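Asker: got a predicted model here, sequence first, then my questions.
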Amino acid sequence: MICALALYGQHKGIYREVQAQTLATLQDVALQNKKGAEKELSNTQKLLADITAVIQLRHPNMETETELRNIIPELQRFASTYGFKRMGVILPNGITYTTDNYVYDLSQEEAYLYGMQGLPNITESLRDEIGVADWINVFSRPLYNHSSEVIGVIYAVYHTKSFKELLTVDAFEGEGYSYIINTDGQVVSDSLNAPMYGTTNLLDSLVALDNRNTQTVSELTAAMDSRSSSYATFEASETQYLYYTPLEVESLNTSWYMLTMVPAKVLDSRVAPILQHQNKFLLIIMTAIIIAFVYIIWSYRKDARILHTLAYEDPLTHGDNYAYFLEKLPQTESNGYMVALDLSEFKLINSICGLAKGDLILRAVWDIIRKHLEKDELAAHLTADQYIMYLQAVSKDVLLARLRMICVEISGLAEQYNTVQISPYFGIYQSTGTTNAEESYTRALQAKKLAKDNAQKKWAFYEEVDVASITEKKQLEDHFEDAIAHHEFEVWYQPKYDAHSRTIVGAEALVRWRTGDGTLIPPYRFIPLFERNGMIVTLDEYVFTTVCKQIKEWEMQHKKLLPVSINVSRASLYYEFILERYTEILAQYDVNPSLVPLEVTESATINNQQIQELVERFREAGFPIYLDDFGNGYSSLATLNMMHFDTIKLDKSLVDYIGDANGEKLLHYTIKLAKSLGMKITAEGVETENQVQFLQTLHCDEIQGYFFSKPLPLAEFEQLI
Ligand code: C2E
Ligand code: CA
Ligand code: CA
């Protein structure tokens with residue numbers, strides 16, 4: 001009998017498990033679709049931003065209609081390079097000129113209406129009214145003049161077809177399909193295999209198709225208003241499962257939603273065979289067993305409940321406590337996630353709002369956590385604002401999507417309870433079956449600390465916690481001052497060569513740390529650390545002094561004097577006094593500032609008025625200023641227009657584009673633009689003859705890289721000059 005009971009339990013368990021897994025797969029596919037679509041939309045919008053920046057820089061006086069129309073030939077080249085159907089410019093009166101030579105009125109269209117208000121925009125799918133009547137999306141951005149007034153709108157016409165291909169992922173044996181709609185239900189795009197349900201308004205079509213869908217459509221509309229994600233079902237020729245989730249893309253002026261669907265029979269076919277066996281016989285036996293057991297259980301229950309409460313209930317939330325959590329945690333589970341959670345600034349909430357309200361909030365947080373638990377998942381409240389969860393998810397993305405929802409709901413409590421911001425932090429450890437529960441929890445806590453220490457993070461995985469490096473960092477920090485005092489930091493010199501004559505024309509000073517036992521520590525191990533704790537300010541000054549002293553020595557030895565550029569970190573630039581310090585050091589060693597150019601990065605200067613002013617004062621004091629690592633990440637050509645640099649150093653990642661047609665075009669434009677603004681170009685990380693030759697054709701000025709020389713210790717460098 002017991003056997004039968006177990007069998008039945010297992011049978012139901014498997015059914016639910018399989019169904020949950022298949023729904024999770026649907027969610028997984030949907031989230032992948034969402035990511036792909038967001039990336040495509042924002043990359044296309046960014047591309048248009050860069051094109052706009054280039055046009056604006058090349059045509060600084062675009063005020064009149066004729067001048068605006070003059071940019072069309074250039075747009076033609078961009079449109080064909082990047083595969084747009086067409087591009088165009090809209091004049092302030094709403095008339096557009098296009099790269100395929102049409103002239104017509106766009107004054108009633110979104111691109112114009114938003115653009116003239118200074119807003120970028122992406123439209124839903126439209127039937128092209130000119131040219132071939134296929135489906136298009138229009139990406140648009142405002143054009144500005146010198147005094148930042150909007151003087152027109154630039155746009156790119158994108159083939160909806162490319163989008164459809166992107167959305168057509170091969171999930172569920174090709175039976176899954178997707179739609180992107182706006183909150184009115186208007187179709188922005190769909191996947192190639194999506195069935196046509198009717199008009200271009202999906203929600204209207206679904207209601208027209210079957211009035212049982214009215215309920216689903218109104219749920220969906222409500223969900224879209226609150227920007228939430230979830231499952232639903234609807235009726236077409238057969239029942240369909242649906243997962244909906246909002247798209248997050250800047251420059252959308254209406255909200256867009258990703259709907260991923262699959263016929264219910266496809267998902268259910270995975271579950272059905274398991275159901276069909278076993279059934280009837282089991283049920284009869286079960287009934288008999290249940291009657292027998294009910295009596296016995298009932299008589300034990302009372303006592304057990306009291307014991308259980310004492311041992312396993314959390315007094316604050318009346319939910320499970322840590323002991324119960326440990327007790328229930330599956331011992332051999334190897335694909336669950338241990339998640340530690342706490343709230344930032346909870347002490348503040350307690351002291352501002354009082355303990356009673358604090359407790360209310362802690363209970364509300366618990367309710368949210370509990371509500372999100374699925375079968376076989378656990379959670380517990382420990383003390384204060386500490387919670388633990390044991391969650392299961394088919395992938396990290398699915399897990400993070402769930403944590404994001406929990407996060408949003410918890411943050412929402414601040415408004416509900418009228419208190420300061422409540423933001424949860426998560427540390428996640430994916431158990432591999434090699435650690436016991438408490439060890440797993442400790443790891444989740446370490447990950448949580450990482451998330452809390454990093455302003456940009458709401459969660460971190462244990463894999464990101466580098467245990468060895470925590471110890472190493474501590475040692476490096478502890479020895480820093482000794483190391484400065486004992487001159488353990490060495491300056492190495494990487495020569496720079498003239499791109500055409502291939503003769504040496506300068507060098508960059510790069511620091512290394514020679515520890516007491518003779519080992520050489522490379523900068524990537526300590527610079528980021530010192531940037532965070534502020535020690536870099538001392539180190540930068542040390543390198544600067546060493547180089548000035550060295551230049552003075554070379555001068556006394558009648559060596560040829562070449563400029564040696566010095567890296568100044570963002571952290572150093574927060575201190576205005578460094579200008580005074582550096583000029584004092586120059587005076588002390590009687591060195592001309594033109595011999596010690598300063599390298600600063602784009603991320604240090606952009607968006608920080610104070611640093612920009614300080615850098616400008618360094619320039620006025622005679623230091624050449626180099627923009628370091630340009631092109632690393634998605635840096636914007638527009639930066640070049642905002643500040644003047646003497647030299648742009650192209651990052652290795654840009655140089656590595658050589659050989660790729662689009663990359664070479666980007667390099668070509670970047671160099672041309674910088675040159676037109678009177679800046680010189682140094683290419684970094686150049687490793688091959690091929691790269692040298694290509695850079696020569698683009699009139700790059702100087703080359704630094706392993707092709708000519710690695711960074712050299714002083715003695716070796718001196719042999720070159
Ligand atoms: P960085 O300023 O971009 O310096 C160039 C880095 O690229 C150097 O690494 C150099 O060795 C490496 N490099 C040069 N040519 C090639 C090449 O052809 N191929 C490859 N793969 N690499 C090449 P290094 O010396 O390890 O320095 C790393 C970073 O540490 C520097 O990047 C800089 O950001 C920082 N750094 C070094 N010294 C100082 C310093 O005194 N102060 C500050 N604030 N930062 C420094
Ligand atoms: Ca540098
Ligand atoms: Ca660099």
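Answerer: Here it is on my side, so go on. Ligands and ions are numbered 1, 2, ... in the order given.
Asker: what about residue 434, neighbour count?
Answerer: 8 (other CB atoms under 10 Å). No exception for glycine: its C-beta is placed from N, CA and C like everyone else's.
Asker: and it, how far from ligand 3?
Answerer: Counting by CB to the ion, to the nearest Å, the gap from residue 434 to ligand 3 is 41 Å.
Asker: quick one: low-confidence ranges for the stretch 51-200 of the chain?
Answerer: 169-171 (pLDDT under 70).
Asker: all strands for it, in order.
Answerer: Secondary structure of the stretch 51-200 of the chain (DSSP state E, counting those that start in this stretch): strands at 86-90, 95-98, 103-105, 121-122, 126-127, 135-144, 150-159, 177-182, 187-190.
Asker: care to break the chain down by domain?
Answerer: Annotated domains of the chain cover 2-41+163-277, 60-156, 322-465, 531-710 [automatic domain parsing].
Asker: okay if I get the ones you listed as CSV plus distance to ligand 2?
Answerer: Converted to CSV, those look like this (distance: least, CB to the ion, whole Å):
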stretch, distance to ligand 2
domain 2-41+163-277, 30
domain 60-156, 31
domain 322-465, 24
domain 531-710, 4
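Asker: so can I have JSON lines of those showing distance to residue 316?
Answerer: Below are the domains of the chain laid out as JSON lines (distance: least, CB to CB, whole Å):
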{"stretch": "domain 2-41+163-277", "distance to residue 316": "28"}
{"stretch": "domain 60-156", "distance to residue 316": "48"}
{"stretch": "domain 322-465", "distance to residue 316": "6"}
{"stretch": "domain 531-710", "distance to residue 316": "37"}
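Asker: lowest mean pLDDT across the ones you listed, which one is that?
Answerer: Lowest mean pLDDT of the domains of the chain: domain 2-41+163-277, a mean of 81.
Asker: how far does that one sit from its chain's centre?
Answerer: On the basis of CA atoms, centre = their mean, to the nearest Å, domain 2-41+163-277 sits 25 Å off its chain's mean C-alpha point.
Asker: indicate the residue of the stretch 401-550 of the chain located nearest to ligand 3.
Answerer: Closest contact between the stretch 401-550 of the chain and ligand 3, by CB to the ion, is at residue 508 (8.0 Å).
Asker: average pLDDT for the helix or strand containing that residue?
Answerer: Secondary structure from DSSP states H and E places residue 508 in strand 504-514. Averaged over strand 504-514, pLDDT sits at 97.
Asker: how far is it from where the chain is centred?
Answerer: 33 Å.
Asker: do stretch 687-703 as well
Answerer: Distance, centroid of stretch 687-703 to centroid of chain: 33 Å (CA atoms, centre = their mean).
Asker: next one: stretch 376-384
Answerer: Between the centre of stretch 376-384 and the centre of its host chain there is 30 Å, according to CA atoms, centre = their mean.
Asker: and that stretch, end to end?
Answerer: 25 Å (CA to CA, to the nearest Å).
Asker: which parts of this structure sit against ligand 3?
Answerer: 628, 629, 684 (CB under 5 Å from the ion).
Asker: repeat that for 8 Å
Answerer: 599, 601, 628, 629, 632, 649, 651, 652, 684, 685 (CB under 8 Å from the ion).
Asker: what about ligand 1: which of the residues you listed touch it?
Answerer: Restricting these to those within reach of ligand 1 (CB under 6 Å from any ligand atom) leaves 628, 629, 652, 684, 685.
Asker: packing partners for whichever helix or strand comes after the strand holding residue 508?
Answerer: Using DSSP H and E, the helix or strand that follows strand 504-514 in sequence is strand 520-521. Applying 3 or more CB pairs under 8 Å, 6 or more residues apart in numbering; DSSP states H and E, we find strand 520-521 packed against strand 504-514.
Asker: is the strand it packs on anywhere near ligand 2?
Answerer: Yes - against ligand 2, strand 504-514 shows contacts by CB under 8 Å from the ion at 508, 510.
Asker: adjacent strands (with direction) for that strand?
Answerer: Applying DSSP bridges, strand 504-514 is found paired with strand 489-498 (antiparallel), strand 520-521 (antiparallel), strand 564-567 (parallel).
Asker: buried deepest among these, which one?
Answerer: By mean neighbour count, with neighbours taken as mean count of other CB atoms under 10 Å, strand 564-567 ranks first of the strands paired with strand 504-514 at a mean of 24.
Asker: hmm, that one touching ligand 1?
Answerer: Yes - residues of strand 564-567 are located near ligand 1 by CB under 6 Å from any ligand atom, namely residue 567.
Asker: check the offset of the next helix or strand after that strand from the chain's centre.
Answerer: Note on strand 564-567: by DSSP H and E, the next helix or strand toward the C-terminus is helix 577-589. Averaging C-alpha positions (CA atoms, centre = their mean) puts helix 577-589 40 Å from its chain's average.
Asker: same list, the residues of the chain next to ligand 3, but as a markdown table with neighbour count please.
Answerer: Compiled in a markdown table, those are given as follows (neighbours: other CB atoms under 10 Å):
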| residue | neighbour count |
| --- | --- |
| 599 | 20 |
| 601 | 21 |
| 628 | 24 |
| 629 | 19 |
| 632 | 17 |
| 649 | 27 |
| 651 | 20 |
| 652 | 18 |
| 684 | 23 |
| 685 | 18 |
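Asker: out of those residues, which are inside strands?
Answerer: Counting by DSSP state E, those place 599, 601, 628, 629, 649 in strands.
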